[in-house]
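Visitor: below are the sequence and a predicted model for it; my questions follow.
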Amino acid sequence: MLALVSPALLVILALIVLPVGWLAWQSIYHDGFTLENYRRVFTEDVYWRSFALTFEISLAVTLIALLLGYPVAYLANALPKGWSILILSLVVLPFWTSVLVRAYAWLALLQRTGVINQFLRYLDAISEPLALVHNTFGTVVATVHILLPFMVLPLYAAMQKIPNDLMQAGASLGASPSLTFFRVFLPLSFPGVLAGCTMVFVLCLGFYITPELLGGGRTVMVSMLVSRNVELYNQFGAASAVAVVLLLSVLAIFFVVSRFISLDRVLGQK
Amino acid sequence: MTMKQKFGLGCALLGAIGLTNAADAAEQITFVSQGGAYQQAQTVAILDPSAKKLGITINQDSIPDAWPAIKTQVGSGKPIWDVVDTPTGNCLRGGEQGLMEKLDFSKIPNGAAMPEAYRSPYSVSYEFYSSVLAYSQKTFPKDAPSSWADFWDVKKFPGRRALRNHPFATLEAALMADGVAPDKLYPLDVDRAFKKLEEIKPHITVWWTSGAQSAQLLNDGEIDMEMAWNGRVSAVAKEGAKVSFTYNQGILQSTSLCILKGAPNLATAVKFLNEAVDPVHQANLPLHIDYGPGNPKAFETNVIKPERAAQLPSEPANAAKQALMSYAWWSSPAGEAAEKRWASFMQK
């Protein structure tokens, strides 16, 4: 068994554990042991604002993705096989387009001369173009689009495991469809909700290209601090300190979530 | 294959050819620039003719941001590059940190003949570009904004605006908008510049980060005026968009040539450096790309036609209207502090 797993372990060791460890080391060692990089992260306003904004955006994206994704997963689960395959294919389809292309597509839709503003102007619904992009709003919209599959798929997987008999039992006992949904289906789908939310939230924390292109320069998320610190301080330590703090936040989130639900359910198909 | 990959492959092949020739070629150097159309233009205008004239082999490499590689190569004690074409600030900073060879200008007569503002103990100017005020001719068919004071005047010139998400040239523009003369900018009054920037901040739609983004904003009509690099604006105009720019109060910026400390072919590198800023080679560069020669003497060679010269950022009459960026100030402690202050300005 170990022999079979060891190539994969070696790859992970060589490509993930060693580089990440090396970066973490750089953040505390530069011509001697130093905590300067961490002092900056924890005392300067800029970092605090970025972390706060990143968590706000991630929270907003997660909630919107849940509201949009739950009905989709529900429908895919409730409809006959052919339909559910179609729905899930549509959900996964954008996966095969690059994040960069999707960001530019949103630009074409949302900017001043974009499709939405042109259309609203044509309808005379607005006199001035709406500021839909180059701000946090545009960033959230595009990020939700990109991360939606990570919400829908775990939800669908969790819903698949809910036996249909339970709803029928509820109905036979006289409960209305909405009552069976709220009292039976919703609680049973909760592991999927938690799994989807964790995936989306954690992935969103590290988003870079989308806020960079659609944030108008004002939406500075943590990943952008990482790249900016390389330019500003000309050493990796300043940047990796930011990355280490973000990594620890993610691990903390996983730890908290793991108290409620087995991590296998978040990451795998159990 | 993308253009860049093709170019990279081309470079690799050139390098390979260079290596096989190395046995019989007496002298060779490795020259590094930023790739793309820019490096190709140099190859035709400067590198090939220089190699031929000096009878040397020039192996080419390219990298978008040379600074980290310079640090690692010199740090390792055995650099493989000789001459680097990089933003002048890198040459100065590198010089101060002991990463660059100090130049002996007695062996570089072409460099010695250049005005002092165009060279440093570690570098000579190689080419010029400018951060200019660009605008949409659709929004401003006449009476276009023509100074940074106009850019700041949101009543007289209503419209959406963009600036670069970087303090370089932006602080200079703010000071000029506040009435500082282009030749009296340095040392920059950083407090005054940020105060003036606070004034325009609510009216800035986009703070762009890449040259491509600045071009897209102008091309799509997403903004009505912005600070952008002259080559980007003229490229958009060539594609047919109704956009234009003024050199008035532009901020003239440059890349320079410098030699890595401990370069493997130092003597040949110095010879090449002198040849690369030869007025005639330099004059050939703007025939292939929208950048101005680093050596102002290029304009006296009659190689550049007057109508072409008038389009170039470093043409003397255009240069006179602009501010010459002081890389010495930007790599000073005050400059570095201003760069760090930018981040908190953006996030407030």
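Guide: Ah, there it is.
Visitor: quick one: low-confidence parts of the chain?
Guide: Using chain A. Across chain A, the ranges flagged by pLDDT under 70 are A:263-270.
Visitor: not quite, go with chain B.
Guide: The low-confidence ranges in chain B, as defined by pLDDT under 70, are B:1-25.
Visitor: residue of it with the smallest distance to chain A?
Guide: In chain B, the residue that lies nearest chain A is residue B:207 (2.6 Å; CB to the nearest CB). All C-beta atoms are positioned from the backbone trio N, CA, C, and that covers glycine.
Visitor: count of neighbours near that residue?
Guide: A count of neighbours around residue B:207, defined by other CB atoms under 10 Å in any protein chain shown, yields 20.
Visitor: show the backbone phi and psi for it.
Guide: phi -100, psi 100 (degrees, to the nearest 10).
Visitor: ok, it touching residue B:161?
Guide: No. Residue B:207 is beyond contact range of residue B:161, at 10.1 Å (criterion: CB atoms under 8 Å).
Visitor: quick check: which element contains residue B:140?
Guide: Using DSSP states H and E, residue B:140 falls within no helix or strand.
Visitor: and the contacts of stretch A:53-69?
Guide: Stretch A:53-69 is contacted from outside by A:136, A:139-140, A:143-144, A:147-148, A:150-152, A:155, A:193, A:196-197, A:200-201, A:204-205, A:207, A:211, A:219-222, using CB atoms under 8 Å, 6 or more residues apart in numbering or on different chains.
Visitor: list the buried residues in that stretch.
Guide: A:53-55, A:57-58, A:60-62, A:64-66, A:69 (16 or more other CB atoms under 10 Å in any protein chain shown).
Visitor: out of the residues you listed, which are inside helices?
Guide: A:53-55, A:57-58, A:60-62, A:64-66, A:69 (DSSP state H).
Visitor: pick the one among those closest to residue B:199.
Guide: residue A:53 (23.9 Å; CB to CB).
Visitor: where do the strands sit along chain B?
Guide: Secondary structure of chain B by DSSP state E: the strands cover B:28-33, B:57-62, B:83-87, B:119-120, B:123-136, B:161-164, B:204-208, B:225-229, B:243-259, B:292-293, B:323-324.
Visitor: and the first one, what other elements does it pack with?
Guide: Applying 3 or more CB pairs under 8 Å, 6 or more residues apart in numbering or on different chains; DSSP states H and E, one finds that strand B:28-33 contacts helix B:3-22, strand B:57-62, strand B:83-87, helix B:266-276.
Visitor: need phi/psi at the residue nearest to residue B:125 when sequence neighbours are not counted.
Guide: Closest residue in space to residue B:125, ignoring its immediate chain neighbours: residue B:294 at 3.5 Å, by CB to CB, 6 or more residues apart in numbering or on different chains. Dihedral angles phi and psi of residue B:294 (degrees, to the nearest 10) take the values phi -80, psi -30.
Visitor: wait, isn't residue B:294 in contact with residue B:128?
Guide: Yes. Assessed by CB under 8 Å, residue B:294 is found in contact with residue B:128 at 6.2 Å.
Visitor: okay, and the common contacts of these two?
Guide: In contact with both residue B:294 and residue B:128: B:254, B:314, using CB under 8 Å, 6+ apart.
Visitor: so which residues on chain A come close to chain B?
Guide: Within reach of chain B by CB under 8 Å from any CB of the partner chain, chain A has these residues: A:44-46, A:49-50, A:107, A:111-113, A:131, A:134, A:212-213, A:216-218, A:220, A:228, A:230, A:232, A:234.
Visitor: which SSE is the closest residue to residue A:75 other than its chain neighbours in?
Guide: Of all residues not flanking residue A:75 in the chain, residue A:87 sits nearest, at 6.2 Å (CB to CB, 6+ apart). Using DSSP H and E, residue A:87 falls within helix A:81-92.
Visitor: repeat for residue A:168
Guide: helix A:164-172.
Visitor: for that helix, packing partners?
Guide: For helix A:164-172, the packing partners by 3+ CB pairs under 8 Å, 6+ apart are helix A:177-180.
Visitor: so how far is the helix it packs on off the chain centroid?
Guide: Offset of helix A:177-180 from its chain centre (CA atoms, centre = their mean, to the nearest Å): 31 Å.
Visitor: report all helices and strands that that helix contacts.
Guide: helix A:164-172.
Visitor: for residue A:24, give me its contacts.
Guide: Residues near residue A:24 by CB under 8 Å, 6+ apart: A:240, A:244.
Visitor: any idea how far it is from residue A:249?
Guide: 14 Å (CB to CB, to the nearest Å).
Visitor: how about the closest residue to residue A:65 other than its chain neighbours, what does it touch?
Guide: Leaving aside its chain neighbours, residue A:65 sits nearest to residue A:151 (4.3 Å; criterion: CB to CB, 6+ apart). Residue A:151 makes contacts with A:62, A:65-66, A:68-69, A:73, A:196-197, A:199-200, as judged by CB under 8 Å, 6+ apart.
Visitor: at 6 Å what do you get?
Guide: By CB atoms under 6 Å, 6 or more residues apart in numbering or on different chains, residue A:151 lies in contact with A:65, A:69, A:196, A:200.
Visitor: what about the residue of chain A found nearest chain B, which SS state?
Guide: Per CB to the nearest CB, residue A:217 is where chain A lies closest to chain B, at 2.6 Å. Assigned with DSSP: H, G, I helix; E, B strand; the rest coil, residue A:217 falls in the coil class.
Visitor: now do the phi/psi pair for it.
Guide: phi 90, psi -20.
Visitor: that one touches residue B:207, doesn't it?
Guide: Yes. Using CB atoms under 6 Å, residue A:217 is in contact with residue B:207, at 2.6 Å.
Visitor: now do the shared contacts for these two.
Guide: The contact lists of residue A:217 and residue B:207 share residue B:165, where a contact means CB under 6 Å, 6+ apart.
Visitor: point to the residue nearest the middle of the chain.
Guide: Using chain A here. The geometric centre of chain A, computed from its C-alpha atoms, lies nearest to residue A:200 (CA atoms, centre = their mean), at 2.8 Å.
Visitor: meant chain B actually
Guide: For chain B, the residue nearest the mean C-alpha position is residue B:254 (3.6 Å; CA atoms, centre = their mean).
Visitor: excluding residues flanking it in the chain, which one is nearest residue B:293?
Guide: residue B:282 (3.8 Å).
Visitor: distance of that neighbour relative to residue B:303?
Guide: 9 Å.
Visitor: also residue B:218?
Guide: Distance from residue B:218 to residue B:303, by CB to CB: 31 Å.
Visitor: next, count neighbours for the residue lying closest to residue B:225 once chain neighbours are set aside.
Guide: Distances taken as CB to CB, 6+ apart place residue B:135 nearest to residue B:225, at 4.1 Å, with adjacent residues excluded. Look at residue B:135: counted by other CB under 10 Å, it has 28 neighbours.
Visitor: correct me, but residue B:135 touches residue B:226?
Guide: No. Counting by CB under 6 Å, residue B:135 stays clear of residue B:226, with 7.9 Å between them.
Visitor: can you tell me the closest non-neighbouring residue to residue A:35?
Guide: residue A:28 (6.7 Å).
Visitor: typo on my end, it should be residue B:176
Guide: Counting by CB to CB, 6+ apart, the residue nearest residue B:176 is residue B:148, at 4.5 Å.
Visitor: just confirm that neighbour contacts residue B:249, I think it does.
Guide: Yes. Between residue B:148 and residue B:249 there is a contact under CB under 6 Å: 5.4 Å.
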